[in-house]
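# below is the structure, and that's it, no one-letter string:
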């Protein structure tokens, strides 16, 4: 066993003030601080992961800003005239990556280079959300983006006024505020987040069907087409004449499970999507596959975002809850967790079809030390024994329209120590995985770290030789794109 | 079924009467009178749309002193009548339509058989679409229409605009054009049909 690979825990970002979480003063302890917790560097687990800009040296964020400007400057912006209006379209999740500042830097760089190259000063930030309607308003304030965009930054919610968009599959609806400019710039990232929903199909296009879209469109995605056809909605909107006439280019923060790799800007969104597909399948796919090998554990939620979205090594809890199934394999119709799956549980709590897989049975208990409301999460507490730390968090969930029944199934512990002690005693396992967004590695118990170090080389080989070729073939992506990326 | 335990409360000193809240309330519980928002407390189902979009933060959600439950009893109607609406809308009666509240299709069908004619009335009677208010709008519209009602968006409102495409309406031309990109159109339709057509034995699926 390579014990030299075991490192001190990486301290997660602090609790944040938000209407979706309890007051940070209620978060007394982080699980990463507890005895027997260690961290493992993702580069140690998978040495072939590319180098990152951030986290890195003290000036790494400045380097990222320079890199972003350099990449965006390469884009031909000839069609944007001085005096034209430009909407930079952003999404909430980017702000949860690596402390949020890297995505804010990308948004600042886009503004600066568009002004530099086109002369226009009418550049607006329009930041969409999912179900937490105030979320990007909070980020805009936190990262002072309103000042940076000269008072022209605003959050958009899916119930805000919309506009019909005529597509190849009929009328869909976008947000009026997203499209109220001559040009749009799509500012996103390569983090995979909800693999259970998008299955890494057209991931780079997804916001056109989500954070830039009205409720009717989002509901079409999640209710009308099925789990593996859903993301076509995003493509249908993006390919509409209306959007194509406004689309200027896309600028993405290239992130992997271990950090910010760089910036990718392109006027051809599908070319960028192919590259993002590689990152999603190859880099994140290895961590996802690794997590699928975990035989038993206590899962700890400890990050300022909703229950399903807390993450470890780039994998969100919702995907760990489905890690008993290969989420990238398109032959598997229903992941253990996705809304289509959740809809297909009978009143007796059993799935309607025998082929519906259970939530990851290796999760023996979930310790909810710190996570937010703002996403319907009762399915998790109903299916996985869950202990919530602190009555304040329980109260917050009881007051939140999407989570009125979350605490029907969860129990409350008065402290982090008590919750962990309970989990150890009840489950009998000492393997702990912490979803606290630790940067560059993952925090876990020593026992789990040793297990991960042992199986990582096998996982890497299985992904490279067997799974990646299959995943890419299912997505119609040519593997030669990988060679271009490596160059 | 929903336990309604919170409601919206307006701070009249802050309210500017902009009508944002009125235009997105899914149960039409808000009206503007004398340039101030008035909440019908009995009608409010506690979704927080108004509080979360108010531009001046004049609305907060507060605990109700007397929480109550909204529910439509499915058993008061023949199973065949419930089934007919559900199948027409391409859903299984036991299928969960609203992920926040946990509303199942059969209760929505029962609400429609009880006289609900609009999405707003269904929301009021069952609590459906009073969580996130986003993701269940399409099956809601399908169900309301399947019960023989004409879909008519609220004039000037942004509660919902219209029904969109489903797996059963996608053209072969679109499917052929894009299936090589990783979209499993026919396979997913088959899966959805399997769910829709699944016969669940009455009484055997209760907790």
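Noted; the coordinates are in hand. No experiment lies behind these values; they were computed from the predicted model shown.
# closest to the centroid, which residue in the chain?
All of this refers to chain A. Taking Cα atoms, centre = their mean, the centroid of chain A lies closest to residue A:193, which sits 2.9 Å from it.
# um, chain B though
residue B:129 (3.5 Å).
# check which helix or strand covers the closest residue to chain A within chain B.
The nearest approach of chain B to chain A comes at residue B:188, 2.5 Å away (Cβ to the nearest Cβ). C-beta here means a position set from N, CA and C on the backbone, and glycine is covered the same way. Element membership of residue B:188 [criterion: DSSP states H and E] is helix B:185-196.
# residue B:182: what's it in contact with?
Shown in contact with residue B:182 (Cβ atoms under 8 Å, 6 or more residues apart in numbering or on different chains): A:199, A:201, A:202, A:228, A:330, A:474, A:475, A:476.
# and the buried ones among those residues, selectable in PyMOL?
To isolate the buried subset of these in PyMOL, counting by 16 or more other Cβ atoms under 10 Å in any protein chain shown, use the following:
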select buried, chain A and resi 199+201+202+228+330+474+475
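# by pLDDT, rank the contacts of residue B:182 and give me the bottom one.
Within the set of those, pLDDT is lowest for residue A:476 (84).
# quick one: that residue and residue B:180 touch, right?
Yes: when contacts are counted by Cβ atoms under 8 Å, residue A:476 is listed as touching residue B:180 (4.9 Å).
# ok, which stretches of the stretch 151-300 of chain A are strands?
Under the criterion DSSP state E, counting those that start in this stretch, strands of the stretch 151-300 of chain A are mapped to A:153-156, A:162-167, A:170-175, A:183-189, A:247-256, A:259-266, A:297-306.
# among those strands, which is nearest chain B?
strand A:170-175 (5.0 Å).
# compute the inter-axis angle for that closest one and strand A:162-167.
140 degrees (axes from the mean of the first three to the mean of the last three Cα atoms, to 10 degrees).
# before we move on, back to that, deepest of the strands of the stretch 151-300 of chain A, which one?
strand A:297-306 (a mean of 28; mean count of other Cβ atoms under 10 Å in any protein chain shown).
# who are the contact partners of the residue of chain B closest to chain A?
A:225, A:226, A:227, A:228, A:229, A:333, B:167.
# could you rerun that using 6 Å?
In this structure, residue B:188 makes contact with A:226, A:228, A:229, judged by Cβ atoms under 6 Å, 6 or more residues apart in numbering or on different chains.
# cool, and residue A:394?
Per Cβ under 6 Å, 6+ apart, neighbours of residue A:394: A:388, A:407, A:412.
# buried ones in the helix or strand harbouring it?
Per DSSP H and E, residue A:394 falls inside helix A:391-398. Going by neighbour count (16+ other Cβ under 10 Å), the buried part of helix A:391-398 is A:393, A:394, A:396, A:397, A:398.
# got it, and stretch A:235-245?
A:235, A:236, A:237, A:238, A:239, A:240, A:243.
# in helices, which of these appear?
A:235, A:236, A:237, A:238, A:243 (DSSP state H).
# spell out which residues make up each domain of the chain.
Here I'm looking at chain A. With domains defined by automatic domain parsing, chain A comprises A:3-49+A:286-464, A:60-256.
# looking at chain B here, not the other one
Split by automatic domain parsing, chain B gives B:19-70, B:74-162, B:165-198.
# with distance to residue B:15 as extra columns, can I get the domains of chain A in a markdown table?
Converted to a markdown table, the domains of chain A look like this (distance: least, Cβ to Cβ, whole Å):
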| stretch | distance to residue B:15 |
| --- | --- |
| domain A:3-49+A:286-464 | 19 |
| domain A:60-256 | 18 |
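# residues near residue A:310, how many?
Residue A:310: 28 surrounding residues under other Cβ atoms under 10 Å in any protein chain shown.
# mind checking pLDDT for it?
At residue A:310, pLDDT is 97.
# that one and residue A:73: what is the separation?
Plainly put, residue A:310 is 36 Å away from residue A:73 if you go by Cβ to Cβ, to the nearest Å.
# that older thread, pick the one among the ones in helices among the buried residues of stretch A:235-245 closest to chain B.
Chain B lies nearest to residue A:235 out of these, by Cβ to the nearest Cβ, at 7.2 Å.
# isn't that closest one right up against residue A:204?
No: using Cβ atoms under 6 Å, residue A:235 makes no contact with residue A:204, being 10.4 Å away.
# coming back round to it: and the helix holding residue B:188, what's buried?
Buried, per 16+ other Cβ under 10 Å, within helix B:185-196: B:185, B:187, B:188, B:189, B:191, B:192, B:195, B:196.
# the first one against residue A:227, yeah?
Just to be clear, that refers to residue B:185. No: look at residue B:185 against residue A:227 with Cβ under 6 Å: they stay out of range, at 11.6 Å.
# right, is stretch A:408-421 up against chain B?
No: Stretch A:408-421 is not in contact with chain B by Cβ under 6 Å from any Cβ of the partner chain; minimum separation 9.8 Å.
# how far off centre is that stretch?
26 Å (Cα atoms, centre = their mean, to the nearest Å).
# distance between the ends of it?
22 Å (Cα to Cα, to the nearest Å).
# pLDDT of that stretch, averaged?
Mean predicted confidence for stretch A:408-421 is 98.
# show me where chain B has its strands.
B:2-10, B:30-33, B:36-39, B:59-70 (DSSP state E).
# show me where chain B has helices.
According to DSSP H, the helices that chain B contains are B:20-24, B:49-53, B:79-88, B:105-113, B:119-126, B:137-146, B:172-178, B:185-196.
# over to the stretch 1-150 of chain A?
Using DSSP state H, counting those that start in this stretch, the helices of the stretch 1-150 of chain A run over residues A:42-45, A:60-73, A:101-118, A:135-142, A:145-148.
# before we move on, back to that, how about the residue nearest to the centre of chain B, what does it touch?
Counting by Cβ under 6 Å, 6+ apart, the residues that residue B:129 touches are B:26, B:123, B:136, B:140.
# out of those, who's near chain A?
Okay, of the contacts of residue B:129, nothing touches chain A (Cβ under 6 Å from any Cβ).
# re earlier: so for the residue of chain B closest to chain A, what's the pLDDT?
pLDDT at residue B:188 comes out at 97.
# what do you get for residue B:124?
At residue B:124, the pLDDT recorded in the model is 98.
# residue furthest from the geometric center of chain B?
residue B:180 (34.2 Å).
# spell out which parts of chain A neighbour chain B.
Checking chain A against chain B by Cβ under 6 Å from any Cβ, the hits are A:131, A:133-134, A:158-159, A:161, A:168-170, A:172-173, A:201, A:215-216, A:218-220, A:222-226, A:228-229, A:232, A:333, A:339, A:343-344, A:346-348, A:352, A:376, A:399, A:401-402, A:474-476.
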